[in-house]
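>>> Give me coordinates for this.
(2 chains)
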Amino acid sequence: MFSLYDTMSSSEVALPSVDEKKTIGMYVCGPTVYQRAHIGNARPYIVFAWMKNWLISQGYDVNFVHNITDINDKIYEHTPEGVLSTQHAIDMAKFYNADIASLGLPMPDAMPTVTDTMSQIITFIEQIIAAGHGYVAGEDVYFDVASSADYGKLSGTVDHETLGDGDAAHKKDPRDFALWKSAKPGEDTHWDSPWGKGRPGWHIECSAMAHSELGEAFEIHGGGNDLTFPHHENEVAQSTSVGYAFAKIWAHSGMLTLGGEKMSKSLGNIDPIHAAVERWGAETLLLMFLNSHWHSPVEYSQKTLQAAESRLNTLLEANATVKETEPPADEWAALETVLNKNFNTAEALALLHEWVNKGYKELAAKLLAMFGLGRVASPPQPPADVAAVAQQRLQAKADKDYEQADALRAQVEAAGWLLRDEVDGQVIIPTVQALR
RNA sequence: GCGCGGAUGCCCGAGUGGCCCAAGGGAUGCGCCUGCAAAGCGUAACAGCCGCGGGUUCAAAUCCCGCUCCGCGCUCCA
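Alright, predicted model coming up:
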């Protein structure tokens, strides 16, 4: 039985068994595409892509939906002069797709955009108004927070005094948030609606995309924990206001920090995904995240990354040299225990080391593949020139020309391969560098 | 200030009542091995009690109370 820490109930909540419900709906908030995404943005995607893989191995079918917010104030602000904001959003969304694809995990089953969900969004707003939970003010539409009895239940944010931006004169309550915003001068995108030309508010977009893809109720709603309030709180208010059950589990992943502070575009302490992958490689980044619980923060530092890189080398070496052994029959069950209980990847990683060290190759390969680390189990073969130098080194060694042998070994190492003299001969072992 | 989540070895990081004198990894010392290495093996060091102070219990890193510190949120945010 798989369970996850759920923000709504502040406790671990179990998924229905495969017999009760085979298909799991999973919605994970994606980025607003106004500039290139950073490695912190990638964490929710990574965590839930792993989770999808795991649930499939447990017999479920998983529908992993990861949206692209392609309409937002930020996009207007960041669109270069002379470019349409829609084009800028398309460009950045393409980058995001390429960025997450480079991590080596399965792509989401659906990546809806706001633009493509516009008619459902408008219908949804009409439903909310009809249900008595939304109101029109001029050409804007707001959600009536006071009408929502459970507002604040998800985030525990109940302090009415401090909430709300207050500067929107026609709000009934400062906590009310926009469902539809009328078009402003200078904005190059707007859509027709019963309330005039405009665009949807941020929160309604996600509710609408989630329901449009996954129906009224689904199992897991994920996202970074910085979205708990107001974004997810507002999503809950919108969706439950029309009678939808919405998400069974609210899973909020921890922040990636840099210098002890959240990595964020507005703080500017960011490292873009593409730069991080280029510098460290996907495997090292994945191992860094794998080492800590999905719910905890992770510090993105030279030290953290280097430790992950060393770990990767250790796994590559062990995989290349340890002899295969038959594991105990119920060994896989140990993994199920740790992963099914709140998806404890750090424990799974400990188990992975054990398996690799003991030579349980098949099990290790299966686990590695699930975490997007398949190349650790099946690394590339050394290129012909490297193999040739390795061969020459063997000859030099046989000739007792050790100076030459050491030089050749250094040459191979510079190319990203280790040469080791085992009892049954020289072996060539890949390092992190060989995976690039 | 309020809400939520944390505080475990030199470092990262599991562990939520007894199997914990605390997993796994990273970084270390010595020996064997090796042409020299690396890995491996052996060995050493490695948290004297798991932020601090109380309490509950036959039993606590794990539960309760108070405190300190850190992160996130309080309508830009993964």
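>>> what helix or strand is the residue lying closest to residue A:47 once chain neighbours are set aside on?
Leaving aside its sequence neighbours, residue A:47 sits nearest to residue A:294 (Cβ to Cβ, 6 or more residues apart in numbering; 4.5 Å). All C-beta atoms are positioned from the backbone trio N, CA, C, and that covers glycine. If you go by DSSP states H and E, residue A:294 is not part of any helix or strand.
>>> shouldn't residue A:294 be in contact with residue A:253?
Yes. Using Cβ atoms under 8 Å, residue A:294 is in contact with residue A:253, at 5.2 Å.
>>> Overlap in contacts, these two.
Residues touching both residue A:294 and residue A:253 (Cβ atoms under 8 Å, 6 or more residues apart in numbering): residue A:47.
>>> do you know how far residue A:211 is from RNA strand B?
18 Å (Cβ to the nearest atom of the strand, to the nearest Å).
>>> and that residue, which of the three is it?
Using DSSP: H, G, I helix; E, B strand; the rest coil, the structure places residue A:211 in helix.
>>> Residue A:19 now?
Strictly by three-state DSSP, residue A:19 counts as coil.
>>> Of all the residues in the stretch 1-150 of chain A, which one is nearest RNA strand B?
residue A:40 (2.7 Å; Cβ to the nearest atom of the strand).
>>> can you check the stretch 201-350 of chain A too?
Closest point on the stretch 201-350 of chain A to RNA strand B, by Cβ to the nearest atom of the strand, is residue A:224, at 2.0 Å.
>>> quick check, the strand or helix carrying residue A:405 touching RNA strand B?
When elements are assigned from DSSP H and E, residue A:405 belongs to helix A:402-414. Yes. Using Cβ under 7 Å from any atom of the strand, helix A:402-414 reaches RNA strand B at A:402-403, A:405-406, A:409.
>>> do the same with stretch A:289-299
Yes. Interface with RNA strand B: stretch A:289-299 contributes A:291-293, A:295-299 (Cβ under 7 Å from any atom of the strand).
>>> Mind checking which of these are in strands?
A:298-299 (DSSP state E).
>>> So which of the residues of stretch A:289-299 next to RNA strand B is the closest to residue A:368?
residue A:291 (14.7 Å; Cβ to Cβ).
>>> Would you mind confirming that that closest one makes contact with residue A:308?
Yes. At 6.7 Å, residue A:291 and residue A:308 qualify as touching, with contact defined as Cβ under 8 Å.
>>> if we can go back for a sec, please indicate which of the residues of stretch A:289-299 next to RNA strand B are buried?
Among the residues of stretch A:289-299 next to RNA strand B, those classed as buried by 16 or more other Cβ atoms under 10 Å are A:291-293, A:295, A:298-299.
>>> So the spatially closest residue to residue A:359 that is not a sequence neighbour: helix, strand or coil?
If you skip the residues right next to it in sequence, residue A:359 has residue A:325 as its closest partner in space, 3.9 Å away by Cβ to Cβ, 6+ apart. With three-state DSSP as the basis, residue A:325 sits in coil.
>>> what's the spacing between residue A:325 and residue A:67?
Noted for residue A:325: a distance of 45 Å to residue A:67, by Cβ to Cβ, to the nearest Å.
>>> So for these two, which residue has more residues nearby?
residue A:67 (25 against 10; other Cβ atoms under 10 Å).
>>> Break down the stretch 251-400 of chain A into its strands, ranges please.
A:256-258, A:261-262, A:298-299 (DSSP state E, counting those that start in this stretch).
>>> mind listing what the longest one pairs with, with the direction of each?
For strand A:256-258, the pairing partners within the sheet under DSSP bridges are strand A:261-262 (antiparallel), strand A:298-299 (parallel).
>>> In a helix, the residue of the stretch 1-150 of chain A closest to RNA strand B, correct?
Yes. Residue A:40: assigned to a helix according to three-state DSSP.
>>> can you give me the helices in the stretch 51-200 of chain A?
Taking DSSP state H, counting those that start in this stretch as the test, the helices found in the stretch 51-200 of chain A are A:73-78, A:85-101, A:118-130.
>>> Rebuild the ones you listed as TSV, extending it with mean pLDDT.
Below are these laid out as TSV (pLDDT from 0 to 100):
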stretch	mean pLDDT
helix A:73-78	90
helix A:85-101	96
helix A:118-130	96
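>>> Could you list the low-pLDDT ranges of the stretch 51-200 of chain A?
A:158-169 (pLDDT under 70).
>>> How about it: which residue is closest to RNA strand B?
residue A:156 (2.4 Å).
>>> and that residue, how many residues sit next to it?
13.
>>> just residue A:38 next, same as before
Residues near residue A:38, counting by other Cβ under 10 Å: 24.
>>> With residue A:378 instead?
Neighbours around residue A:378, by other Cβ under 10 Å: 11.
>>> Please, where are all the helices along the stretch 251-400 of chain A?
Under DSSP H, counting those that start in this stretch, the stretch 251-400 of chain A gives helices at A:273-280, A:282-290, A:302-321, A:331-340, A:345-358, A:361-370, A:374-377, A:384-398.
>>> could I get the ones you listed as a markdown table with mean neighbour count?
A markdown table is the format used below for those (neighbours: other Cβ atoms under 10 Å):
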| stretch | mean neighbour count |
| --- | --- |
| helix A:273-280 | 18 |
| helix A:282-290 | 24 |
| helix A:302-321 | 17 |
| helix A:331-340 | 16 |
| helix A:345-358 | 19 |
| helix A:361-370 | 19 |
| helix A:374-377 | 19 |
| helix A:384-398 | 15 |
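>>> Need those in TSV (columns: mean pLDDT and distance to residue A:113).
Below are these laid out as TSV (pLDDT from 0 to 100; distance: least, Cβ to Cβ, whole Å):
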stretch	mean pLDDT	distance to residue A:113
helix A:273-280	96	19
helix A:282-290	96	25
helix A:302-321	93	33
helix A:331-340	94	32
helix A:345-358	93	30
helix A:361-370	95	29
helix A:374-377	95	30
helix A:384-398	95	45
